[in-house]
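J.: sequence and computational prediction follow.
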Amino acid sequence: MLTVLASGKAAPGVTTSTWALALTWPRPLLVADCDLAGGDMVPGMLAGRLGVDRGLLSWSASARHDLPVAAAAALLAEHAVQVPERPQVSLIPGLATSTQGGSFTNRAWGRLAAALEESPASLGRDALVDAGRLVSDRGCWPVLRAADRVLLTVRPSVRSVHAAQDAAQRLRQELGDLAAVSALVVGAGPYSAGEVAKALDLPLAGVLPEDRGTAAVLSDGARLSTKAMQRSALMRAATSLAGRLAASTERSSEAAVVAG
Ligand SMILES: Nc1ncnc2c1ncn2[C@@H]1O[C@H](COP(=O)(O)OP(=O)(O)O)[C@@H](O)[C@H]1O
Ligand SMILES: [Mg+2]
């Protein structure tokens, strides 16, 4: 029930795709912006519409080390903001700068990972994370390790596939294997999504189409009517992908309960 989006060094559309899935997720959702380079989710789609007093830093300052995981998870709700477009979605804004990212310790990421894992039980919300680029051993690796599913976001181009191959290698090192990892192919390019997944040796989780107008709303706060958004190729594809992801995580958690 914890789904994480990440990428290699190019900017294939992690934040845009996270927003697309968040706005179409079929159940209540907690989104956390965990990009170490500085969070783009609020300064992007919600630019100028939300204050920046709540978020990862304020949560980690309040969630003391000795706080039980369930309490730390419940506290996430207090440091989240409601997304105006979709009231059933809460967002934990990310770090304001890469300098803040540097001060967020591995231990803090570990506590956040445990709290996000607990989100369905404590808050009744699935969790979705923008993990940004996986280009060093710094970052929200504990969150990636805790994920039920990691979507490695990639464009169907040689440059982006190279970057994703590098990220996949890091994921294998940090997670031990790639069992939870699959490819999310974004936009148009010279290769098919199937070819991209094959080059990465990963299962294909889904495809989000090239749709600049809708992407500009999600990544940079451009304006578009609600109707035009709902009808757009990107949001229609996201609706179907979010539905499949939410259903499969539900099935895997049922299986986990049955397995004891
Ligand atoms: N499906 C898409 N179709 C067209 N453009 C997209 C799509 N997804 C993202 N983009 C554009 O690509 C750029 C980078 O997106 P962003 O989500 O910020 O990438 P990342 O988070 O990986 O750095 C933005 O200008 C965004 O509007
Ligand atoms: Mg981003």
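T.: Structure's in. What do you need? Residues are numbered from 1 along each chain as shown. Ligands and ions are numbered 1, 2, ... in the order given.

J.: for ligand 2, what's the nearest residue on the chain?
T.: Relative to ligand 2, the nearest point of the chain is Thr15 (3.3 Å; CB to the ion). In this view, the C-beta of every residue, glycine as well, is placed from N, C-alpha and C.

J.: where in this protein is pLDDT low?
T.: 52, 249-260 (pLDDT under 70).

J.: contact residues of it facing ligand 2?
T.: 14-15, 40 (CB under 5 Å from the ion).

J.: does Ala74 touch Ser122 like I think?
T.: Yes: Ala74 lies in contact with Ser122 (CB atoms under 8 Å); the separation is 5.1 Å.

J.: now do the shared contacts for these two.
T.: Shared contacts of Ala74 and Ser122 (CB atoms under 8 Å, 6 or more residues apart in numbering): none.

J.: quick one: Thr16 and Asp40, what's the gap?
T.: As judged by CB to CB, to the nearest Å, Thr16 and Asp40 stand 9 Å apart.

J.: er, Leu76 I mean
T.: For Leu76, the distance to Asp40 - CB to CB - is 20 Å.

J.: more neighbours, these two?
T.: Legend: neighbour count by other CB atoms under 10 Å for Leu76 and Asp40, higher for Leu76 (25 against 22).

J.: so that one sits against Leu30, correct?
T.: Yes: here Leu76 lies in contact with Leu30, judged by CB under 8 Å, at a distance of 6.4 Å.

J.: list the residues that contact both of those two?
T.: Common contacts of Leu76 and Leu30 (CB under 8 Å, 6+ apart): 92, 116, 119, 123.

J.: hang on, isn't the third one packed against Leu76?
T.: It stands for Ser119. Yes: using CB under 8 Å, Ser119 is in contact with Leu76, at 6.8 Å.

J.: shared neighbours of the two, anything?
T.: Leu30.

J.: the residue of the chain closest to ligand 2 is in what secondary structure piece?
T.: Applying DSSP states H and E as the criterion places Thr15 in helix 14-24.

J.: buried ones in the helix or strand containing Ala228, by neighbour count?
T.: Ala228 belongs to helix 226-231 when assigned by DSSP H and E. Neighbour-count burial for helix 226-231 flags Met229 (criterion: 16 or more other CB atoms under 10 Å).

J.: what's the offset of that helix from the middle of its chain?
T.: For helix 226-231, the separation from the chain centroid amounts to 23 Å (computed by CA atoms, centre = their mean, to the nearest Å).
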